[in-house]
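Peer 1: Quick one: sequence and predicted model below, then my questions.
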Number of protein chains: 2
Amino acid sequence: MAKRKISNTLALAVLGLLQERDMHPYEIASTLRERSKDSSFKINSGSLYDTVEALVRHEWIEPVETMRDGRRPERTVYGLTDLGRSEFVVWIDELIRVPVAEYPKFIAAVSYLGALGPEGAADALAERAGHLAQRIAEGRAALAATVGAGQVPRLFMIEVEYGLHAWEAELAWTQGIRDEIRAGSLTWPTGGTT
Amino acid sequence: MAKRKISNTLALAVLGLLQERDMHPYEIASTLRERSKDSSFKINSGSLYDTVEALVRHEWIEPVETMRDGRRPERTVYGLTDLGRSEFVVWIDELIRVPVAEYPKFIAAVSYLGALGPEGAADALAERAGHLAQRIAEGRAALAATVGAGQVPRLFMIEVEYGLHAWEAELAWTQGIRDEIRAGSLTWPTGGTT
DNA sequence: CTCCTTATAGTCGGATCCGGCTATTAGGAA
DNA sequence: TTCCTAATAGCCGGATCCGACTATAAGGAG
């Protein structure tokens, strides 16, 4: 499995939108935000323009027309190439099929949970649990307002379901460990806070 | 919450190890690998040396001695400063307390799961489930061989427990959606595979 | 003794990422 | 009318990241 030419998933979002119709980068960004896909993709205007250039270099997309409206900056509208259309599917397929290691910040911190001492750790975990619970509630509400109301097909928000599921698992673990610390079933090795 | 001066979590690993004793970068990397912390931190020699330099710039660590052994490359041994020692704890505390958005590749792919079509999606999810199940088994075995055998205190491998919990949740979701697709309860909107 | 692989220790250049900046127009507040 | 903010559209320089590479030594196979 050689390394992908393009690995930034923002490129995936671009390809996905251009599937629907040609757009210019700024439009892509605002459409993604409108559909609240900005919680699945890190949308940064700098990265976006770099990503678009990379996609052009690899001929997955191509400029379709460039126009200007009054004295606004020039806009370049891009469209998918056939190559882009097929690579899009191949890429998604691969991303789904084979899990790749990622390194979330939380796991790094948990690796050194010991450094906080039992009380400090339990306290910090409790605070995290609170934040997570709130985000989960917000996510649920957002789902109810769109899919629940029949505004959007469930498939189009399926990643939100996944995100909620993942957060719930994290919440459960966080609370579980907090409880174990408080109950004394997860003990600190003697001789150090490390 | 202003942005951290140093955000790469590899720096956290460095600080954590220097807590125990002074080391040179290469030694840090091999110690981390030995303790299989390389599944919690992305250890790349290039990044490691950059990270160490950044830590020195911020005076969280400092060179303690530099020596050479025969005609091997020179080694610089680093140690924690008082600042580093205290920032270490503050940083962990913050990372635990407040969840930050991250953008795993899987969530990006799931956002466009539709593009695979029902059969393609179910098939890809099934394959992922297989990989996940295997990794979970391996992780469990590794835990049993260390913590289970009393070789290492549970607290020192607690992040492995978290990782397994997260994978299990992902596995459950993956299988659940695969089943829903096969059972027809998650349907594809008519008029497109997007 | 020679060859090959692995361990030791780190450097370097290019790719990527990202926050902050510019410039213009539209819309409303005062 | 003038001022201020938000939206439109994108550019750029610096920070970061990372893979590929160098060079030496030690250990074993044949």
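Peer 2: Structure received. As the structure is a prediction and not an experimental result, all values here were calculated from the model.
Peer 1: secondary structure element for the closest residue to A:Leu10 other than its chain neighbours?
Peer 2: In space, and not counting its chain neighbours, A:Leu10 is closest to A:Thr51: 5.0 Å by C-beta to C-beta, 6 or more residues apart in numbering or on different chains. For the C-beta atoms, the positions are set from N, CA and C on the backbone; glycine is no exception. Per DSSP states H and E: A:Thr51 is located in helix A:45-57.
Peer 1: Send me that helix as CSV with only the CA atoms.
Peer 2: The C-alpha atoms that make up helix A:45-57 are tabulated as CSV, following Å, rounded to 0.1, in the frame of the first residue of the first chain:
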residue,chain,number,x,y,z
SER,A,45,-8.6,28.9,3.7
GLY,A,46,-4.8,28.7,3.4
SER,A,47,-4.9,24.9,3.3
LEU,A,48,-7.8,24.9,1.0
TYR,A,49,-6.1,26.8,-1.8
ASP,A,50,-3.0,24.7,-1.4
THR,A,51,-5.1,21.6,-1.6
VAL,A,52,-6.9,22.8,-4.7
GLU,A,53,-3.5,23.4,-6.4
ALA,A,54,-2.4,19.9,-5.5
LEU,A,55,-5.5,18.5,-7.0
VAL,A,56,-4.9,20.4,-10.1
ARG,A,57,-1.3,19.2,-10.3
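Peer 1: mind listing what's buried in the helix or strand harbouring A:Gly79?
Peer 2: Remark: A:Gly79 resides in strand A:75-80, with elements defined by DSSP H and E. By 16 or more other C-beta atoms under 10 Å in any protein chain shown, the buried positions in strand A:75-80 come out as A:Val77, A:Tyr78, A:Leu80.
Peer 1: hmm, back to that, give the next helix or strand downstream of the helix holding A:Thr51.
Peer 2: Later in the chain than helix A:45-57, the nearest helix or strand by DSSP H and E is strand A:61-67.
Peer 1: Would you give the sheet partners of that next one, along with the direction of each?
Peer 2: Here strand A:61-67 has these sheet partners by DSSP bridges: strand A:75-80 (antiparallel).
Peer 1: Just confirm yes or no for the partner strand near DNA strand C.
Peer 2: No - Strand A:75-80 is not in contact with DNA strand C by C-beta under 7 Å from any atom of the strand; minimum separation 12.0 Å.
Peer 1: filter the buried residues of strand A:75-80 down to the ones near DNA strand D?
Peer 2: Okay, of the buried residues of strand A:75-80, nothing touches DNA strand D (C-beta under 7 Å from any atom of the strand).
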